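*Asks:* sequence and predicted structure, then a few things I'm wondering about:
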Amino acid sequence: MSDSCAAPDQDAALPASVDIEKETVLTGTVVNDEGELVQGAYVRLLDGSGEFTAEVVTGEGGQFRFFAAPGKWTLRALSRYGDATGEVEADRGLNETKLAVSR
Amino acid sequence: MAREDVLVTADWAEENLDTPGVVFVEVDEDASAYDYGHIKGAVKIDWKDDLQDPIRRDFVNQEQFSQLLSERGISNDDTVVLYGGNNNWFAAYAYWYFKLYGHEDVKLLDGGRKKWELDARDVTAEIVKREATNYVAKPLNWDLRAKRDEVEAAIGVKNLIDVRSPDEYAGRLLAPAHLPQEQSQRAGHIPTALSVPWSKAANEDGTFKSEAELRELYVGEAGLDEGKSTIAYCRIGERSSHTWFALRELLGYEDVKNYDGSWTEYGSLVGVPIALGDEPGTK
């Protein structure tokens, strides 16, 4: 069990205890106008009705990761370089998305 | 209590970085966030290492809290401005501690680290050293903290506010979606608890919504009974500190408690009632 409700290091490898066959993982990177990876972007996961579900902060690799369930999700990134929104139809396993933020 | 008594804006913070008697404190779960960059002059409190008892499942006692604040160079008469990541969850959690132990003047930086970063304001990795003080905490104020028996007795009697995400409330998930779902306790919510996810109290940039919006959210939409006492809970008590802050400090309801045992305790108790699904359920 995780000690807190806060997000773990987003650049870390998936913990060995996570069974990728069972989990639905939404992951990807945030990039800016120049195509550079954005550290310190706030990425939130919104459910099918647009309700907030979770939020993480990208690390040096610009990476984010959520553990969710199969279905429709919205990813919303906020950063000092601007914002971005992406829609995902997630299946069990890894679901990758790139979010390009701009003003 | 007015909003400006308990919240400061990022602009105010920037203007008061060097004001004597004002101490900025970053509260994070992730210590590396502070080390990478923090507001100039801010000291650090670690959510776990500094605020939890190392052995018992409980938080630091009066003496431990006094020692912590003395070591950080905080005095009883300082204005403490707390901020942190995760939309200020941990800062709100620490704010609740400061109130539990009777600190007079404590405020949250509205929007926390997030708003600061989105505004592209300056941070520094400089090591901050404040001279130690002799801080004396007051005895724990139980008017602000709910324990499990009180929570069970509150079913159908007081307002119970479940601030977790709708899927955690309904029992479809056991933890927030950015964490692996491996907990073993039962899923669901405390019967009669209203579902008001903490996130609804905050704007996208992490600042708190206006008092009018908050009142509409809790009373208008969720059906909070203003004539009753309220207990807020989440999974481990930090997201519910955020809601506790909104209800007691911003909206001014007098009897609002945070149940820090929250779902990790309640959902593991033998024989207590649990409701599943999206409806509050009955007693």
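*Replies:* Sure, I can see it.
*Asks:* quick one: the strands in the chain, in order.
*Replies:* Using chain A. Listed in chain order, the strands of chain A (DSSP state E) span A:24-31, A:42-46, A:52-57, A:63-68, A:71-79, A:82-90, A:93-100.
*Asks:* think we crossed wires, I meant chain B
*Replies:* B:7-8, B:22-28, B:43-46, B:79-83, B:106-109, B:159-162, B:194-195, B:230-233, B:256-258.
*Asks:* wait, isn't residue B:198 in contact with residue B:247?
*Replies:* No - Residue B:198 is beyond contact range of residue B:247, at 11.1 Å (criterion: C-beta atoms under 8 Å). Glycine gets a C-beta too; all of them are placed from N, C-alpha and C.
*Asks:* who has more neighbours out of those two?
*Replies:* residue B:198 (28 against 25; other C-beta atoms under 10 Å in any protein chain shown).
*Asks:* quick one: contacts for the more buried one?
*Replies:* By C-beta atoms under 8 Å, 6 or more residues apart in numbering or on different chains, the contact list for residue B:198 reads B:87, B:89, B:163, B:164, B:234, B:239, B:240, B:242, B:243.
*Asks:* could you rerun that using 10 Å?
*Replies:* A:5, A:52, B:86-87, B:89, B:92, B:161-165, B:232, B:234, B:238-246 (C-beta atoms under 10 Å, 6 or more residues apart in numbering or on different chains).
*Asks:* next one: residue B:114
*Replies:* By C-beta under 10 Å, 6+ apart, the neighbours of residue B:114 are A:40, A:42, A:55, A:57, A:78, B:83-88, B:202, B:204-207.
*Asks:* which one in those is the model shakiest on?
*Replies:* Lowest pLDDT among those: residue B:86, with 82.
*Asks:* common neighbours of residue B:198 and residue B:247, please.
*Replies:* B:161, B:232, B:240.
*Asks:* just the closest of those to residue A:15, please.
*Replies:* Among the shared contacts of residue B:198 and residue B:247, residue B:240 lies closest to residue A:15 (C-beta to C-beta), at 26.2 Å.
*Asks:* under the pLDDT cut-off, which ranges of chain B? List them.
*Replies:* B:1, B:177-184 (pLDDT under 70).
*Asks:* contacts only, for residue 47.
*Replies:* You didn't say which chain, so I picked chain A. Under the criterion of C-beta under 10 Å, 6+ apart, the neighbours of residue A:47 are A:53, A:54, A:68, A:69, A:71, A:72, A:73, A:74, B:165, B:166, B:167, B:177.
*Asks:* switch to chain B, please.
*Replies:* With C-beta under 10 Å, 6+ apart, residue B:47 has these contacts: A:3-4, A:6, B:27-31, B:84-86, B:89-91, B:93-94, B:238.
*Asks:* for it, phi and psi?
*Replies:* Here is the backbone geometry of residue B:47 (degrees, to the nearest 10): phi -50, psi -40.
*Asks:* just to revisit the earlier point, could you dump the shared contacts of residue B:198 and residue B:247 to TSV with neighbour count and distance to chain A?
*Replies:* Output for the shared contacts of residue B:198 and residue B:247, formatted as TSV (neighbours: other C-beta atoms under 10 Å in any protein chain shown; distance: C-beta to the nearest C-beta, whole Å):
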residue	neighbour count	distance to chain A
B:161	27	16
B:232	30	14
B:240	31	10
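*Asks:* any chance of TSV for those, columns distance to residue B:154?
*Replies:* As requested, these are arranged in TSV below (distance: C-beta to C-beta, whole Å):
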residue	distance to residue B:154
B:161	11
B:232	11
B:240	14
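*Asks:* show the contacting residues for residue B:135.
*Replies:* B:65-76, B:78, B:101, B:103.
*Asks:* so how far is residue A:62 from residue A:98?
*Replies:* 9 Å (C-beta to C-beta, to the nearest Å).
*Asks:* looking at those two, which one has more neighbours?
*Replies:* Per other C-beta under 10 Å, whichever of residue A:98 and residue A:62 has more neighbours is residue A:62, with 24 against 12.
*Asks:* just give the closest residue to that one, not the sequence neighbours.
*Replies:* residue A:37 (3.0 Å; C-beta to C-beta, 6 or more residues apart in numbering or on different chains).
*Asks:* the one you found bridge partners, please.
*Replies:* On the basis of DSSP bridges, residue A:37 is bridged to residue A:31.
*Asks:* thought it was touching residue A:29?
*Replies:* Yes - contact criterion C-beta atoms under 10 Å: residue A:37 and residue A:29 qualify, at 5.9 Å.
*Asks:* what's the overlap in contacts for the two?
*Replies:* A:58, A:61, A:62, A:63.
*Asks:* name the nearest of these relative to residue A:25.
*Replies:* residue A:63 (11.8 Å).
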